[in-house]
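S.K.: following is a predicted model, sequence given first.
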2 protein chains.
Amino acid sequence: MNIQTEARNMKLASPKLAATSIDQRNKALLMIADALEKGKEEIFAANNEDMEAASANGIAQSILKRLKFNDQKLSDAIAGIKQLVDLPDPTGKVLLKRQLDDGLVLTRVSVPIGVIGVIFEARPDALVQIASLCIKSGNCAILKGGKETAKTNRVLFRIIKDSVVEAGLPKECLLQAELHNEIDELLACDQDVDLLIPRGSNKFVRYIMDNTKIPVMGHSSGICHIYVDKKADFEAAIPVIIDAKTQYPAACNAVETILVNKEIAGDFLPILAKAFEDNGVKIRGTKEVHDMLEGAFDVEIMEEDDFATEYNDFIVSIKLVNDVKEAADHINRFGSHHTDSILTTDDEAADYFMQMVDSAGVYRNCSTRFADGYRYGFGAEVGISTGKLHARGPVGLDGLVTYKYKLVGGGHIVGDYASGHKSFHHKDIDL
Amino acid sequence: MNIQTEARNMKLASPKLAATSIDQRNKALLMIADALEKGKEEIFAANNEDMEAASANGIAQSILKRLKFNDQKLSDAIAGIKQLVDLPDPTGKVLLKRQLDDGLVLTRVSVPIGVIGVIFEARPDALVQIASLCIKSGNCAILKGGKETAKTNRVLFRIIKDSVVEAGLPKECLLQAELHNEIDELLACDQDVDLLIPRGSNKFVRYIMDNTKIPVMGHSSGICHIYVDKKADFEAAIPVIIDAKTQYPAACNAVETILVNKEIAGDFLPILAKAFEDNGVKIRGTKEVHDMLEGAFDVEIMEEDDFATEYNDFIVSIKLVNDVKEAADHINRFGSHHTDSILTTDDEAADYFMQMVDSAGVYRNCSTRFADGYRYGFGAEVGISTGKLHARGPVGLDGLVTYKYKLVGGGHIVGDYASGHKSFHHKDIDL
């Protein structure tokens, strides 16, 4: 298989998929759900082979859990597809309708992006979710999953592809890449692939961003902060911080740095350090933090530049700040513009923080771990974007469409307006 | 001046500009309008120097017209600023408000993009328009204009910058780059510049796109098409085609290729060729077109690959097609996804064309030259985007904002939802 040829064919076929009705696309999704249910023995058998190979290769228990595709994960995936069917069509929405002049009407309509390449980690449920989101939104997709679940992916992809073709969608609409070198081929398809969504390690995502001219949506790092304001409710603060750090430390929305207001540090730091100790979290901090906890808790002293570190582990950075202003400055300087939270009972400090912190998610009195498409009610997500163009934060169906302008006239020419013979009146038409 | 240092300072100051009220930003715009009026003698004197230097350098008459900044252009620019003041604030709009669970409320709010770099051609009115759009939308901007109007730009920029500072906006919010080598410095600022908007020749825009990791919005080429369907109204068709080709051939939205349905070619081609001849337009075409017009009109025979050519001149390509399907395929293959028009009285053909042509603008029975922010009623534009992410087509205020998610809770943690102790109810709140 040659990815460039396939991508070219997909690009030329993409208007056909975009022209299908939402009924056709929903029908395809329901057929996928059915076929996955019917094919479950074959899927589980392939997954067992993947699991055995992974165990033999000494892959860590925490990762094995992600590779596993069992009855529970299958029924979650099928439930997810059915939820997606119930969501409204993100395409074909009239976003603007305006009469420019008599007989000259402009409409802005949402349309699929076209061809999307998604490169994702070894998690079979991710393949099902991403393929379903792309089909619902009328986008052609090239999917490349992690090699540790190659056998599961192959079966899942075949079942999905067969179902969409049987449902009458264009056969070019889905393509699976299986070889690692095909990633580089995909990166070169800037004429035909409209968007790349890479998921995975910082290093991997950075590699993708640095080696393609295709627009990339996603995030390379998730350096999230919690600022504990002088007016924080200590009792509520501790569970939020522990949740944000330990509920799933490998996630991009886990917290990495705690900023503590100096005025309360004397009281709050020992409570916080104790909670981290109880939950097996290692503390790193400035010399000031180290000195304050000396004798009672172990703190590894860190330098300023080190605050731009994503641990993805049971490790946390702590720093003291004078006020919410210094907290916001620190976050804008060292953060990754992902998700940051303030813990406070003071509205003024909260408003300042939520206005001035330049991140996709700015939270008050809750855990950074809520940054997720499912939790936001988007049904599912293809990824989380820390970029500022197009979609930001968790990206669901809305982030998978763009728009086109349709203009209908009756022989209108610009010369008439340039000469002053006619003029625009720009009347918006109610939608 | 070091662009990277300035861009870093601008980035860190950008939340301050984003936090200003729309009243402050409108006040700054009105002060700019006033100051431009008061400073007009100084502006015209600087422009005269630029014009004299340009004439001495033998710059073509058509370009000299663009460099000129006279009373008419100044009053147009001031009128444009006042129009912008009347437009609603594009920032601070609540786009979504949803209760995720009791006491946990998610809001999606529009916010400025942050720091935008605009590199534009030698047209003093462009500087005024771009700076005003950025200020209205709360974006910091680095502006680099064409060198042929360097003196005019310097005066205009100083007047604008002084006004915004006097109006109380952060002094870091506008920066002018004047040296050509500063473009390369700007391209390296991917940590601090959120978006680049290059305007100018294909080659120049392509250079920008190929040499930066900053997201780029714009277009490198404008290969626009008109398809004359078998059910076209011949009489209305000719003025539309002539307008699209000759009203301003150097514009990106001028037509380059006319596709003519074979069934009507025998009747229509001679009429079309005569109109082109009368308007001084040179015809290039396939052998088929050449043979059909042989003896009556000069047609330079061209090869298939040549159809991806933007002439920016009084030259046109002509090809015959069997039907609207072949027309759409040709456009998707050889076009630049900018703006394409069908001329027909047949609704079915028009619907097919407008659905299947994958361009930012798809038109029926009107000139491609309407693709423009002012004509669409956006007040003004920073450019036209042929990309599919973020803004597409003419880009006005709406294209200069992104959004952030705000989440407010009362100590909510994800662990409660992961354990099944609590569950999301996702109730949308009316805006």
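M.R.: Structure received.

S.K.: which parts of the stretch 101-250 of chain A sit against chain B?
M.R.: Residues of the stretch 101-250 of chain A found near chain B (Cβ under 8 Å from any Cβ of the partner chain) are A:104, A:106, A:113-114, A:194-195, A:209-210, A:213, A:215, A:217, A:233, A:236-237, A:239-240, A:242-244, A:247-248. C-beta coordinates here come from the backbone N, C-alpha and C atoms, glycine included.

S.K.: write the ChimeraX selection for whichever of the residues you listed are buried.
M.R.: Provided next is the ChimeraX selection string for whichever of those are buried by 16 or more other Cβ atoms under 10 Å in any protein chain shown:
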select /A:104,106,113,114,194,195,209,215,217,233,236,237,239,240,242,243,244,247,248
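
S.K.: and the residues of the stretch 101-250 of chain A next to chain B, which of them are in strands?
M.R.: The strands, defined by DSSP state E, take in A:104, A:106, A:195 from these.

S.K.: can you tell me which of those residues is nearest residue A:67?
M.R.: Checking those against residue A:67 by Cβ to Cβ gives residue A:195 as the nearest, at 26.8 Å.

S.K.: quick one: residues contacting the closest one.
M.R.: A:113-117, A:214-217, B:388-389 (Cβ atoms under 8 Å, 6 or more residues apart in numbering or on different chains).

S.K.: same thing but at 10 Å, please
M.R.: With contacts defined as Cβ atoms under 10 Å, 6 or more residues apart in numbering or on different chains, residue A:195 is in contact with A:113-118, A:139, A:141, A:214-217, A:382, A:390-391, A:399-400, A:402, B:387-389.

S.K.: chain center to stretch A:34-51: distance?
M.R.: 27 Å (Cα atoms, centre = their mean, to the nearest Å).

S.K.: stretch A:1-16 now?
M.R.: Using Cα atoms, centre = their mean, the offset of stretch A:1-16 from its chain centre is 25 Å.

S.K.: if I look at residue A:416, how far off is chain B?
M.R.: Separation of residue A:416 from chain B (Cβ to the nearest Cβ, to the nearest Å): 8 Å.

S.K.: got the contact list for the strand or helix carrying that residue?
M.R.: For residue A:416, the host element (DSSP states H and E) is helix A:415-418. Under the contact criterion Cβ under 10 Å, 6+ apart, helix A:415-418 has outside partners A:100-101, A:104, A:421-424, B:239-240, B:242-244, B:246-248, B:367, B:369-370, B:372, B:374-375.

S.K.: average pLDDT across it?
M.R.: If you average the pLDDT over helix A:415-418, you get 92.

S.K.: need the helix or strand of chain A with the lowest average pLDDT.
M.R.: One helix or strand of chain A scores below all others by mean pLDDT, DSSP states H and E: helix A:61-67, with a mean of 83.

S.K.: which parts of that one are buried?
M.R.: Buried-residue list, helix A:61-67, by 16+ other Cβ under 10 Å: A:63, A:66-67.

S.K.: dump these to a markdown table, plus distance to chain B.
M.R.: Formatted as a markdown table, the buried residues of helix A:61-67 follow (distance: Cβ to the nearest Cβ, whole Å):
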| residue | distance to chain B |
| --- | --- |
| A:63 | 18 |
| A:66 | 15 |
| A:67 | 19 |
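
S.K.: out of those residues, the closest to residue B:342 would be?
M.R.: Scanning the buried residues of helix A:61-67 for proximity to residue B:342, where the rule is Cβ to Cβ, the winner is residue A:66, at 50.0 Å.

S.K.: list the residues that contact the closest one.
M.R.: A:59, A:73, A:121-126, A:146, A:148-149, A:250.

S.K.: out of the residues you listed, list just those in helices.
M.R.: Counting by DSSP state H, the contacts of residue A:66 place A:73, A:124-126 in helices.

S.K.: turn these into CSV, including pLDDT and neighbour count.
M.R.: Listed next are the ones in helices among the contacts of residue A:66 as CSV, based on pLDDT from 0 to 100; neighbours: other Cβ atoms under 10 Å in any protein chain shown:
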residue, pLDDT, neighbour count
A:73, 91, 17
A:124, 92, 26
A:125, 91, 19
A:126, 90, 23
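
S.K.: of the buried residues of helix A:61-67, which is the nearest to residue B:96?
M.R.: Among these, residue A:66 lies closest to residue B:96 (Cβ to Cβ), at 30.3 Å.

S.K.: please report how far the closest one lies from residue A:197.
M.R.: 18 Å (Cβ to Cβ, to the nearest Å).
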